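[1] build me a structure from this.
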Amino acid sequence: MDLKANHTSPVLADPAPMNESMLGLHSAMLPYSPNGATFSPALFLTIPRKKTGILDDVKSVSWLDAMRASSPTHNKVAAKDLSHDQQSSNDTDIVYRNWMLKYPSALASFEQITNSARGKRLVLFLDYDGTLSPIVDNPDNAFMSRAMRAAVKNAAKYFPTAIISGRSRDKVCEFVRLTELYYAGSHGMDIMGPVQPVSKDHKKCIRSIDNQGKEVILFQPASEFLPMIDEVLKALIEKTKDIKGAKVENNKFCVSVHYRNVEEKYWTTIAQYVEEVMKQYPRLRLTHGRKVLEVRPVLDWDKGKAVEFLLESLGLSNSDEVLPIYIGDDRTDEDAFKVLKDSNRGYGILVSSVPKESNASYSLRDPSEVKKKIK
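    Residues are numbered from 1 along each chain as shown. Below is the predicted model:
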């Protein structure tokens, strides 16, 4: 994970003729070699502490509607109604194209991005699920393709590159299997980064040794919550064991309850079970992702904070000569998009096949659009 040797002085070159390159990054954005060569608030869920509970709250703030909307399904139309299906598809395409006026394709905007990158050092941040790998029914099968892995590996040769995922850090490391990267798991609550001086505010940084024997910094701001998270994990596994398709995932500093494979008539039951468990843990909160409920510590830390921490640990937090780019698909990535947007110092790229409000500057339709520029 020691990227220092690779990134001591990368500076982006002036634009050259456009061509295809890794991760959709135009070749003009490659540094010289050492030798000189917003989501709607109604869809964001936290457990109400002073109200009647989550089931009553379903009626008042359309919480169940938020579950339905978290991962839109495609319309299934019978063959005899093919013309209607075609019309629906055309309407959807028009809506998406109009949405892209606000969030233009990153693939078609390289000249603009490249112009902003002149003389700057690029730092690349990537979500995993839905960005480097497709969303799948079984989260244990969310494998990235060999082509995608090769592209990420190639990017890391030139730019500091980090994966920031809701998965546990160990799990996302197993999926990606690249030692050239930095990894932040549990929505940034478990970071393994470079050994560099960081702010005194980050008192929980400890020096550690990674699997390759290299010294790294380990930062886990939510470590005191581990016993509590473990209790919730066990309770939710027991509660949901009889619901077909439900899966409770241990992501170390958060617990994910997946309902993608659960019949919709049982979603309210899952909500009830989660609420029953969380009544006992006022220091935990519930957030919502793509057909997943996530139990997390009540802590002022998220993917945006993780981006700031990694930039600081790389010695790049106060430099105007840095261009951070963050690519992600889920609402938890919005925190990172917002950090870049508010600081006016980089770009968020939202991966989405459906229109939605975002703090991102650009868009990609799905992981396959990223792969188009890998070859």
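[2] in the chain, where is pLDDT below threshold?
    Along the chain, segments meeting pLDDT under 70 span 1-66, 68-89, 195-204, 208-215, 371-375.
[3] swap the cut-off to 80 and go again
    Across the chain, the ranges flagged by pLDDT under 80 are 1-92, 194-217, 318, 370-375.
[4] quick one: the strands in it?
    Remark: strands assigned in the chain by DSSP state E are 121-126, 161-164, 182-185, 190-193, 205-209, 215-219, 247-250, 255-258, 284-289, 292-297, 322-328, 347-351, 362-364.
[5] reformat those strands as TSV; add distance to residue 312 and mean neighbour count.
    The C-beta positions use only the backbone N, C-alpha and C, and glycine is treated the same way. Below are the strands of the chain laid out as TSV (distance: least, C-beta to C-beta, whole Å; neighbours: other C-beta atoms under 10 Å):
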stretch	distance to residue 312	mean neighbour count
strand 121-126	11	23
strand 161-164	13	26
strand 182-185	12	26
strand 190-193	9	24
strand 205-209	11	13
strand 215-219	11	19
strand 247-250	29	19
strand 255-258	28	24
strand 284-289	25	20
strand 292-297	22	23
strand 322-328	11	25
strand 347-351	19	24
strand 362-364	25	24
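[6] which residue is nearest the middle of this protein?
    Nearest to the mean C-alpha position of the chain, by C-alpha atoms, centre = their mean, lies residue 127 at 3.4 Å.
[7] that one contacts residue 330, correct?
    Yes - proximity of residue 127 to residue 330 meets the contact threshold set by C-beta atoms under 8 Å, at 6.7 Å.
[8] now do residue 90: how many residues are near it, please.
    10 (other C-beta atoms under 10 Å).
[9] hmm, I was thinking of residue 264
    Neighbour number of residue 264 under other C-beta under 10 Å is 10.
[10] report the separation between residue 270 and residue 237.
    Going from residue 270 to residue 237 by C-beta to C-beta, to the nearest Å gives 13 Å.
[11] and what of residue 325?
    Applying C-beta to C-beta to residue 325 and residue 237 gives a distance of 38 Å.
[12] re the thing from before, list phi and psi for the residue nearest to the centre of the chain.
    phi -70, psi 170 (degrees, to the nearest 10).
[13] what's opposite the closest residue in space to it that isn't next to it in sequence in the beta bridge?
    Distance criterion C-beta to C-beta, 6 or more residues apart in numbering; nearest residue to residue 127, sequence neighbours excluded, is residue 328 at 3.5 Å. Counting by DSSP bridges, residue 328 forms beta bridges with residue 350.
[14] which residues does the residue nearest to the centre of the chain contact?
    Neighbouring residues of residue 127 by C-beta atoms under 8 Å, 6 or more residues apart in numbering: 163-165, 326-330, 333, 351.
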